[in-house]
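Enquirer: sharing a sequence plus its predicted fold:
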Amino acid sequence: MTIAAKISPAELVAQVTDRYVDQYYEGWLINAPGTAYQPGITVDATFLANEVVAGTGGYQRQVIKYISADVGNYADDGIALATKATIFAHDGGGTALQFSHVALVKGDGNVITLGSNSAAPSAGVNGTYTNIPVTTGGSGAGLTVDLTIANSGAAPADYALTIVKPGFGYAPADGLQIAESVLVSLGAVAASAGNLTFSVGTATSGGGALLAVAQTANTVSLTAGNEAAFYWNLKQYGYYSG
């Protein structure tokens, strides 16, 4: 005889917290027109191989993270997470950004912590400079940071960094840099002051699993600096009939 059961709200909260809280997920644009993704039938690796090439029309994966405050209250047999957005912007250049699907993939190589500064400009201008792109000697991309300079940048420790966007594809100890030219453009240092160099401390690993796929009605072609936004509404249900 089949018996229906429901998982308790407390257990659902524990499951959702364990699976999602402090975890990173990446929004990927996929260009596979005519492909209808079917869970358990479509080969995920083959499907994801159709990702738009990085840099095409300004394309870059967009990273989201869930925190404990994103876990909602039990309602309608489940626990919902806060809505998260992945926004893809065309760079305004002559190459169109085309895609037919958007996928949410478990993050890999998202920077969690930074190592200490190994070298710094000879002097700096006190203040906070926001959302600065970082260059790397590794294979990662997309990391941005806020920089706060104190004590006129007299020592490497006077350049404090805070992660804004964790990027993706990084590995611990990857060499990172904010170029002198970028710092000069921000008014943070004078010419010939030098680069700010540091490294990845820790990063996520073991990602790459496909979580969700949405297909557009037709192939989308972004041009002229336009944007496409996707909103993720994830919910875990506690109803079971076995």
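Expert: Ah, there it is. Numbers count the residues shown, from 1 in each chain.

Enquirer: so what's the residue count around G207?
Expert: Per other CB atoms under 10 Å, the neighbour tally for G207 reads 18. C-beta: built from backbone N, CA, C; applies to glycine.

Enquirer: so what's it up against?
Expert: By CB atoms under 8 Å, 6 or more residues apart in numbering, the residues touching G207 are Y24, E26, V105, K106, G107, D108, G109, N110.

Enquirer: now with 10 Å?
Expert: Applying CB atoms under 10 Å, 6 or more residues apart in numbering, we find G207 in contact with Q23, Y24, Y25, E26, V105, K106, G107, D108, G109, N110, F168, G169.

Enquirer: try A229
Expert: Q62, A85, T86, I87, F88, A89.

Enquirer: what about it, distance to D174?
Expert: Distance, A229 to D174, by CB to CB, to the nearest Å: 30 Å.

Enquirer: return, as residue ranges, the portions of the chain with sub-threshold pLDDT.
Expert: Applying pLDDT under 70 to the chain flags the ranges 1, 240-242.

Enquirer: just give me the longest helix of it.
Expert: Longest helix of the chain, by residue count under DSSP state H: helix 9-20.

Enquirer: gap between that helix and the chain center?
Expert: 22 Å (CA atoms, centre = their mean, to the nearest Å).

Enquirer: considering the contacts of G207, which possesses the most neighbours?
Expert: Neighbour counts for the contacts of G207, by other CB under 10 Å, peak at N110, which reaches 29 neighbours.

Enquirer: I'd say that residue and P172 touch.
Expert: No: checked against CB atoms under 10 Å, the pair N110 and P172 is beyond contact range at 12.0 Å.

Enquirer: show me what the longest helix of the chain is packed up against.
Expert: The contact analysis (3 or more CB pairs under 10 Å, 6 or more residues apart in numbering; DSSP states H and E) places helix 9-20 against strand 71-75, strand 78-81, strand 235-237.

Enquirer: quick one, which of the ones you listed gets closest to A224.
Expert: A224 lies closest, by CB to CB, to one member of the helices and strands packed on helix 9-20: strand 78-81, at 33.5 Å.

Enquirer: pairing partners for that closest one, with directions?
Expert: If you go by DSSP bridges, strand 78-81 pairs up with strand 71-75 (antiparallel), strand 235-237 (antiparallel).

Enquirer: out of those, flag the one nearest A10.
Expert: Among those, strand 71-75 sits nearest to A10 (CB to CB), with 8.7 Å.

Enquirer: how far is that closest one from where the chain is centred?
Expert: For strand 71-75, the distance to the chain centre is 24 Å (CA atoms, centre = their mean).

Enquirer: how about residues contacting stretch 188-198?
Expert: For stretch 188-198, contacts defined as CB under 10 Å, 6+ apart pick out 114-129, 132, 134-135, 137, 145, 147-149, 153, 156, 159, 161, 175-184.

Enquirer: flag every buried residue along it.
Expert: Buried residues in stretch 188-198, counted by 16 or more other CB atoms under 10 Å: A188, V189, A193, G194, N195, L196, T197, F198.

Enquirer: how about the helices in this structure?
Expert: Along the chain, counting by DSSP H, helices occupy 9-20, 44-48, 180-186.

Enquirer: out of the ones you listed, nearest to N73?
Expert: Nearest to N73, of all those, is helix 9-20, at 8.2 Å by CB to CB.

Enquirer: can you give me the buried ones in that closest one?
Expert: Residues of helix 9-20 classed as buried: L12, V13, V16, Y20 (neighbour count, 16+ other CB under 10 Å).

Enquirer: please list all residues in contact with the last one.
Expert: It stands for Y20. By CB under 10 Å, 6+ apart, the neighbours of Y20 are K65, Y66, I67, S68, D70, V71, I79, L81, L211, L234, Q236.
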